[in-house]
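Undergrad: got a structure for you, letters missing:
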Ligand code: BTN
């Protein structure tokens, strides 16, 4: 654990680069990381020309209507724990959205924040590893805040906080609450606290659902292991560990 995190000082969001238009905030943070930027630096943008989602997908935004941010993390952990950082990001979004809007979002494994059947936020953890562990992780978060409509290809499965509450939300305020929540959840991650998995179980909309892994194996999601993998019980009683890819009923938005 870094000295700052041990001492209880804030790690995430002490330095924020608020940009107008970029290709991707992920790329901006990668550039800062290569220049030796400290852990916790945040880049936000009003609009991304080439926003990236998971599995090589694009991430659409309407200028000025989303929270688009990437955070540089340098966790001193084994690379097997990186997938947990998507949960850290998703849980922080749930904390912040609940506090600021009164909505009760859920977490769809591995990285989607949902309100009912609609996706409001996606999380992307991009890691660079060394032989002995993680070099750095860029944690990207795209939260739909004030959009009034979506492009036809995602309109049926995405939503925004505005559409869900009927109110316009203050993006600056949401960002401040989100960074505070992210700092607290990241601390739990560093401390290997059981609180993280407990929170995931509380907020999960995947637990108990019938899911199908990318390779076709299917069963009921019964838990999350300590690395962030989904544990799935098949009809013949076997326990599968699903580490990546999509699961049925979990289309991207
Ligand atoms: C997903 O659900 O596929 C993950 C989407 C992550 C989008 C965010 S927006 C800010 C950051 N910059 C990017 O290019 N992507 C992430």
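TA: In hand now; what should we look at? These numbers were taken from a predicted model, which means no experiment stands behind them.

Undergrad: please count neighbours and contacts with C-alpha atoms only from this point.
TA: OK.

Undergrad: beyond the helix or strand of the chain with the lowest mean pLDDT, next helix or strand please.
TA: Of all regular secondary-structure elements in the chain, judged by mean pLDDT, DSSP states H and E, the least confident is helix 3-6 with a mean of 44. Where DSSP states H and E defines the elements, the next helix or strand beyond helix 3-6 is strand 16-22.

Undergrad: can you tell me how far residue 187 sits from the ligand?
TA: 21 Å (Cα to the nearest ligand atom, to the nearest Å).

Undergrad: what score does that residue have for pLDDT?
TA: At residue 187, the pLDDT value in this model is 96.

Undergrad: phi and psi next, for it.
TA: The phi and psi values for residue 187, taken as degrees, to the nearest 10, are phi -60, psi -40.

Undergrad: which residues in the stretch 101-250 of the chain form strands?
TA: 106-108, 112-115, 118-130, 133-144, 210-212, 218-224, 230-233, 239-242 (DSSP state E, counting those that start in this stretch).

Undergrad: what's the first one in contact with?
TA: In other words, strand 106-108. With contact meaning Cα atoms under 8 Å, 6 or more residues apart in numbering, strand 106-108 is reached by 90-91, 94, 113-116, 200, 203-206, 250.

Undergrad: shaky segments in the stretch 151-253 of the chain?
TA: For the stretch 151-253 of the chain, applying pLDDT under 70 flags the ranges 244-253.

Undergrad: which stretches of it form helices?
TA: Under the criterion DSSP state H, counting those that start in this stretch, helices of the stretch 151-253 of the chain are mapped to 152-155, 161-165, 171-190, 195-203.

Undergrad: got the buried residues for the shortest one?
TA: Of the residues in helix 152-155, residue 154 count as buried by neighbour count, 16 or more other Cα atoms under 10 Å.

Undergrad: for this structure, which residues are neighbours of the ligand?
TA: With Cα under 6 Å from any ligand atom as the criterion, the chain meets the ligand at residues 24-26, 51-54, 59, 68-70, 112, 122-124, 140-142.

Undergrad: same thing but 5 Å
TA: 24-26, 51-54, 68-69, 122-124, 140-142 (Cα under 5 Å from any ligand atom).

Undergrad: going by neighbour count, which of these comes out on top?
TA: Neighbour count (other Cα atoms under 10 Å) singles out residue 25 as the most crowded of the residues of the chain next to the ligand, with 31 neighbours.

Undergrad: that residue: what's it in contact with?
TA: Counting by Cα under 8 Å, 6+ apart, residue 25 has contacts 43, 44, 45, 48, 51, 68, 69, 70, 140.

Undergrad: re the thing from before, need the contacts of strand 106-108 in TSV with neighbour count and distance to residue 224, can you?
TA: As requested, the contacts of strand 106-108 are exported to TSV (neighbours: other Cα atoms under 10 Å; distance: Cα to Cα, whole Å):
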residue	neighbour count	distance to residue 224
90	31	14
91	27	14
94	24	18
113	28	16
114	24	18
115	22	21
116	14	21
200	23	8
203	20	12
204	23	10
205	21	12
206	23	10
250	16	17
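
Undergrad: what is the nearest of those residues to residue 160?
TA: Using Cα to Cα, residue 115 comes nearest to residue 160 of the contacts of strand 106-108, at 9.2 Å.

Undergrad: who's in contact with the residue lying closest to the closest one once chain neighbours are set aside?
TA: For residue 115, ignoring the flanking residues on the chain, the nearest one in space by Cα to Cα, 6 or more residues apart in numbering is residue 105 at 4.7 Å. Contacts for residue 105 (Cα under 8 Å, 6+ apart) come out as 94, 97, 98, 113, 114, 115, 116, 203.

Undergrad: again, only this time at 10 Å
TA: Neighbour list for residue 105: 90-91, 93-95, 97-98, 112-116, 118-121, 203-205 [criterion: Cα atoms under 10 Å, 6 or more residues apart in numbering].

Undergrad: okay then, goodbye and thanks.
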